[in-house]
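Participant: Pasting the sequence and the predicted model now:
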Amino acid sequence: MPEQPYEPEGAIAGTGAGGAMDLGASEAESLERTPRGPDGGPVGKPRSLWSDAWRDLRRNPVFIISGLVILFLVFISLWPSAITSGSPLECHLSKAQEGPQSGHPFGFDGQGCDVYTRTVYGARSSVAVGVLATLGVAIFGSVLGGLAGFFGGVSDSFLSRITDIFFAIPVVLGGLVLLSVVTSNTVWPVIGFIVLLGWPQISRIARGAVITAKQNDYVQAARALGASNTRMLLRHIAPNAVAPVIVVATIALGTYIALEATLSYLGVGLKPPSVSWGIDISAASPYVRNAPHALLWPSGALAITVLAFIMLGDAVRDALDPKLR
């Protein structure tokens, strides 16, 4: 029987139920070119680690709840006047230690200041210190640790000994010593102190991630093809070593907020007239029996903020760690 010529206009495709259907030329050629999996379905483009992580995060209620709390904190940090019309520095001694009343749902502290207004404005300092300190620690520590892990040798040994020295310094004691001589009322001395003592942890994480990544086959292939050190670091190693740094930095952000409150409580962090949850907690502690509300609200806001960032870090860790899938 002579072979019939192929006519795309009359192409026939099976329906899978014993029947057939007519296909046009473009549809038949598209059907023929589409890759098929073992089950006969089309094979899509492979997803990356980041797309898989984002898909898992969107389905994680812990990430959604903590993310909403953090977005709310960022919102009131940028625009506190959106939810309160008062000033955190406006105080009336005649209302000192009074409880909640109309227009002042959290009551007044020992100086007659509105606790609600100060709690809202206190989020600005805490979020600013946490975010900026985390960025500084992540950038500084990642650069030092990544370079030491990539080049190794004397630089790696020297950095390891330096990190051991910084790990031996107690954080709170170091803050009492270093910040006690600072007279600035801004957040920058606290941020600088956290970066100074916080970078060794990120540096060690980045060093280990880079050492692991540079041993992979694709890095060795790039090296064999003559790729420069800069290209290998930026294109092949850094994208695959940044995940553990992001996880540790996200969890550490909540820790840095708690550290700022601790230093402010001890009187060496932020100082009046700055508004901070640590300052309000310290001021409300002596009369906690007479006005517990002045201590309850700023400490509760601090606890919720730290918990939200820790929960967010745990969710990001679960999504980025392939061993936990």
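Facilitator: Arrived safely.
Participant: What are the buried residues along stretch 306-324?
Facilitator: Buried residues in stretch 306-324, counted by 16 or more other CB atoms under 10 Å: 306, 308-320. All C-beta atoms are positioned from the backbone trio N, CA, C, and that covers glycine.
Participant: Okay, now the unreliable bits of this structure?
Facilitator: 1-49, 322-325 (pLDDT under 70).
Participant: And the strands in it?
Facilitator: For the chain, the strands defined by DSSP state E occupy 11-14, 20-23.
Participant: Pull up the gap between the residue nearest in space to the middle of the chain and residue 224, please.
Facilitator: Residue closest to the average C-alpha location in the chain (CA atoms, centre = their mean): residue 250, at 3.1 Å. Taken as CB to CB, to the nearest Å, the spacing of residue 250 relative to residue 224 amounts to 36 Å.
Participant: my read: the residue nearest to the centre of the chain touches residue 309, true?
Facilitator: Yes - contact criterion CB atoms under 8 Å: residue 250 and residue 309 qualify, at 6.8 Å.
Participant: Give the buried residues for the longest helix anywhere in the chain.
Facilitator: Selection of the longest helix in the chain by residue count, based on DSSP state H, yields helix 115-151. Of the residues in helix 115-151, those scored as buried under the neighbour-count criterion (16+ other CB under 10 Å) are 115-134, 136-138, 140-142, 144-150.
Participant: Now do the contacts for residue 232.
Facilitator: For residue 232, the contacting residues are 214, 219, 222-223, by CB atoms under 8 Å, 6 or more residues apart in numbering.
Participant: could you flag which of the residues you listed are buried?
Facilitator: Under a neighbour-count criterion of 16+ other CB under 10 Å, the subset of the contacts of residue 232 counted as buried comprises 214, 219, 222.
Participant: Can you give me the distance of the second one to residue 202?
Facilitator: Distance, residue 219 to residue 202, using CB to CB: 22 Å.
Participant: before we move on, what about residue 223?
Facilitator: Here the criterion is CB to CB. By it, residue 223 lies 26 Å from residue 202.
Participant: How much space separates the closest residue to residue 233 other than its chain neighbours from residue 203?
Facilitator: Leaving out its chain neighbours, the residue that sits closest to residue 233 by CB to CB, 6 or more residues apart in numbering is residue 150, at 6.1 Å. Counting by CB to CB, the separation of residue 150 from residue 203 is 13 Å.
Participant: same thing with residue 127?
Facilitator: Applying CB to CB, the value for residue 127 to residue 203 is 25 Å.
Participant: residue contacts, the closest residue in space to residue 286 that isn't next to it in sequence?
Facilitator: Residue nearest to residue 286 in three dimensions, not counting chain neighbours: residue 110, with 7.6 Å by CB to CB, 6+ apart. When contacts are counted by CB under 8 Å, 6+ apart, residue 110 touches 96-97, 283-284, 286-287, 291, 294.
Participant: Kindly report the same for residue 253.
Facilitator: Residue 253 is in contact with 130-131, 133-134, 309, 313, counting by CB under 8 Å, 6+ apart.
Participant: again with residue 299
Facilitator: Applying CB under 8 Å, 6+ apart, we find residue 299 in contact with 277, 281.
Participant: ditto for residue 148
Facilitator: Each residue near residue 148 by CB under 8 Å, 6+ apart is listed here: 155-156, 159-160, 203, 207.
Participant: please redo it, this time with the cut-off set to 6 Å
Facilitator: Neighbour list for residue 148: 155-156, 159, 207 [criterion: CB atoms under 6 Å, 6 or more residues apart in numbering].
Participant: So which of these are in helices?
Facilitator: Secondary-structure check on these using DSSP H: residues within helices are 155-156, 159, 207.
Participant: Buried members of those residues into ChimeraX, please.
Facilitator: Typed into ChimeraX, the next command selects the buried ones out of the ones in helices among the contacts of residue 148 (criterion: 16+ other CB under 10 Å):
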select :156,159,207
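Participant: wait, which of the ones in helices among the contacts of residue 148 is closest to residue 86?
Facilitator: Closest to residue 86 out of the ones in helices among the contacts of residue 148 is residue 207 (48.6 Å), distances taken as CB to CB.
Participant: Could you double-check that that closest one sits in contact with residue 145?
Facilitator: Yes - under the criterion of CB atoms under 6 Å, residue 207 makes contact with residue 145 at 3.9 Å.
Participant: ok so, going back, okay, the buried residues of stretch 306-324 in TSV with distance to residue 262 next?
Facilitator: Conversion of the buried residues of stretch 306-324 to TSV gives the following (distance: CB to CB, whole Å):
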residue	distance to residue 262
306	11
308	18
309	16
310	16
311	20
312	21
313	19
314	22
315	25
316	25
317	25
318	28
319	30
320	29
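Participant: Sitting in helices, which of these do you find?
Facilitator: Judged by DSSP H, the subset of the buried residues of stretch 306-324 located in helices is 306, 308-320.
Participant: Relative to residue 59, which of those is nearest.
Facilitator: Using CB to CB, residue 319 comes nearest to residue 59 of those, at 9.6 Å.
Participant: How much space separates the closest one from residue 246?
Facilitator: Here the distance between residue 319 and residue 246 works out to 10 Å (CB to CB).
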